[in-house]
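A.B. asks: predicted coordinates and the sequence they were generated for:
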Amino acid sequence: MLVEVTGGHVVFSTRKGVFRSGQVYALNGVELTIRRGETVALVGESGSGKTTLGRLTLRLVEPSQGKVFFDGKEITHASESELRPFRQRAQIVFQDPFSSLNPYMSVRELIEEPLIIDGEGSSQERRSRVDAALEAVDLLPASRFAAKYPNQMSGGQRQRVGIARALVRDPDYIVTDEPVSMIDASSRIEILALLDRLQRERRMAFLFITHDIATARYFADRIAVMYAGTIVEEAPAGAVIDTPMHPYTQALIAAVPEPDPANRFKRRPVVPGEPGSADGRVVGCPFYNRCPHRMTGVCDTITPPLAEWESGHRTACHLYDSRYATLEPQSGSPLVRTDLQYSPMNGR
Amino acid sequence: MTLLAIRDLYLHYRSGDRVVHAVDGVSLTIENKGEAVGIVGESGSGKTSMATALMRMLPRNVARFDGSILLDGQELTILSDDDFRRQIRWKKIAMVFQGSMSILNPVLRIGFQVAEPLLAGGEVSKREALQRAESLLERVGLPAGIAQRYPHELSGGQKQRVVIATALIMNPDLLILDEPTSALDVSVQAQIMNLLKDLKEDPGISMIFITHDIGLASDLCDHIAVAYAGQHAEFGSAERVLLDPHHPYTNLLLRSLPRLHETEPPQAMPGQPPDLTRPPAGCRFHPRCPWAFEVCFSEAPPEYPMADGGHARCFLNDAAVSGDRFQAHLRHWAESRV
């Protein structure tokens, strides 16, 4: 395993006014592993904790419980100086290429900066590594783009600079946090294709954080679906989308508008309410309040573990647990997907 | 009777010493009550400008604004600004602006904000206005008592419902929605789309739905216009445009969408949207079109009529001009369709 998080909890303290303080339970016990050269997509809605989990794997936040490993070495509470070698091997590409690049630095300075911080190479060597990084992200000719400043470039080009900045250290692991959500639709596919190509050429591990489950399918080997600070489902990408098991995943997929003229004649099956902010510790299943298949007496009292009910397909849902098979709402045998209300739409 | 008929609408802006051709000869028809038309396009294709032209909420730097807008048979372009404000804006045509959940006044109760246009009109009592606001808030799916609350107590989806209620308070015939779900999570977006479907049925509000997402447009719209560089590259029934597109841009747009249940990856759209201060000569799409040939570089294609009453602005639809390219192109489309 290159990246491993076990039992990860992250609690943030907030201030509400002068005297009161609050706590946000951003992550409530997540398990995540990423193999060398593997792409995992972390899919979820706002506030589900996907960004926090990404930052936890980079040790940009420290867990309040649980452990973080990188390449077999525990880095849970490692100090910044102990993390130095790790920082070179694990990189992040930020969501917003407009605010994450210093406007007063040229592209060359921006990409060279991490190498200077690492004290890597002579200026000659750094120069050629910057050029190579620019070439890798198709900002050609490299010499022309190296002299530009961020405001002289489009959103797609700026994001390429952000990617080059991550690449220049030759990392083993990259976290991309919604890398295309701020970019014009016409450039999105190109950026995704670029990331995909780099990942395959260099065999880097990727954590691809996104709210768009349809995009995740093409980009990721595995998809982990997050809800309220927990991973509720995790499986190979195709399995999550074609045969989703968790009622939340099913609702998420049913909500994706695909271009089909028949759509307008039917209402979408939706779950009521909105993803709650995780400001209190949840007893039972975090999706209980919104779940169309909830089993009162079980789901509201026992937190479902992320269990492998099918080979390679893990789901945190009591509906698949034979111990509760006799309970409502199922009839008879353990619930199978076809019994669920939200079978995947558009069975094309 | 036709509800809305827009003919040859132009809206240009001055920008320095240049002119931005934001709306450049657009025609659009909404035949029936309760019909929704989607305007789909990339940023900078003139979708929002078209909406502001319909609402006549124009910036100061307008260089050209002409054409015909017939609403229920009434020509709107000849109305004075005062008459337009008194008779049309919010009363006949209302709009939900992009990002408008953030324009709710944080210190006013929700009910008052929804009732405000009625109160400003001075035709109904305060009590009656608030009552109407409350029943409308219920109609858009908000829980009772929400009228007494303040915006910060509401979730994003609830705020968007409030904004929709605010637009509907004067009983408009036509509601323009500019990316109404772009700030919402996908599960909440689906709830709002269901609400819009309901409002289309009852009370039968006609809609212009502006979005960059052709998939989302198909969730609501009976007709779809594909906007490109200030014009409508293609227009027609949702069935025809989505399943049998006759413009390469529509085709590429559809192929650039990630699909849930297909293993074929989406195709990147080539090139960048054009600069509207200097629209390309000939067909506006030719610099990005994989099928462009000589005539596309020099001549602007007319709107070739389609069997569904729509049109496509592409020479490939004219066998007399494009010759056997037309056949090759049809074959290509047939193969690319899944």
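C.D. replies: Cool, got the structure. Keep in mind it's a predicted model, so treat the numbers as computed, not measured.
A.B. asks: up against chain B, what does the stretch 101-250 of chain A have?
C.D. replies: A:154, A:184-187, A:189-190, A:193, A:211-215, A:217-218, A:238, A:241-242 (CB under 8 Å from any CB of the partner chain). Bear in mind the C-beta positions are built from the backbone N, C-alpha and C, glycine included.
A.B. asks: what does the model give the residue lying closest to residue A:28 once chain neighbours are set aside for pLDDT?
C.D. replies: Here the nearest residue to residue A:28 in space, its sequence neighbours aside, is residue A:229; by CB to CB, 6 or more residues apart in numbering or on different chains that works out to 4.1 Å. Among the per-residue scores, residue A:229 holds a pLDDT of 92.
A.B. asks: please apply the same query to the one 5 residues further on.
C.D. replies: pLDDT, the model's per-residue confidence, is 97 for residue A:234.
A.B. asks: same check on residue A:95?
C.D. replies: So, for residue A:95, pLDDT stands at 88.
A.B. asks: phi first, then psi, for it.
C.D. replies: Dihedral pair for residue A:95: phi -70, psi -40, per degrees, to the nearest 10.
A.B. asks: what's the burial count for residue 227?
C.D. replies: Defaulting to chain A. By the criterion of other CB atoms under 10 Å in any protein chain shown, residue A:227 has 27 neighbours.
A.B. asks: sorry, I should have been clearer: chain B.
C.D. replies: 27.
A.B. asks: look at the spatially most central residue of chain B and give its secondary structure.
C.D. replies: Against the mean C-alpha coordinate of chain B, by CA atoms, centre = their mean, the closest residue is residue B:210 at 2.8 Å. Following DSSP: H, G, I helix; E, B strand; the rest coil, the label given to residue B:210 is strand.
A.B. asks: that one pairs with what?
C.D. replies: Counting by DSSP bridges, residue B:210 is bridged to residue B:39, residue B:178.
A.B. asks: contact partners for it?
C.D. replies: Going by CB atoms under 8 Å, 6 or more residues apart in numbering or on different chains, residue B:210 touches B:38-39, B:47-48, B:50-51, B:98, B:176-179.
A.B. asks: ok, for residue 8, nearest residue in space, not its chain neighbours?
C.D. replies: No chain in the question, so chain A it is. residue A:66 (4.0 Å).
A.B. asks: look at chain B instead
C.D. replies: Among residues not flanking residue B:8 along the chain, residue B:67 sits closest, at 4.6 Å (CB to CB, 6+ apart).
A.B. asks: how about the secondary structure of that neighbour?
C.D. replies: Secondary structure for residue B:67, judged by three-state DSSP, is strand.
A.B. asks: do you know the pLDDT at it?
C.D. replies: For residue B:67, the model assigns a pLDDT of 96.
A.B. asks: also residue B:10?
C.D. replies: Residue B:10 is assigned 97 on the pLDDT scale.
A.B. asks: now the strands: where do they sit in the stretch 51-200 of chain B?
C.D. replies: Under the criterion DSSP state E, counting those that start in this stretch, the stretch 51-200 of chain B contains strands at B:62-71, B:74-75, B:93-96, B:174-178.
A.B. asks: my error: substitute the stretch 1-150 of chain A in the last question.
C.D. replies: A:3-16, A:20-34, A:39-43, A:65-70, A:73-74, A:90-93.
A.B. asks: related to what we said a few turns ago, how near is the residue nearest to residue B:8 to chain A?
C.D. replies: 28 Å (CB to the nearest CB, to the nearest Å).
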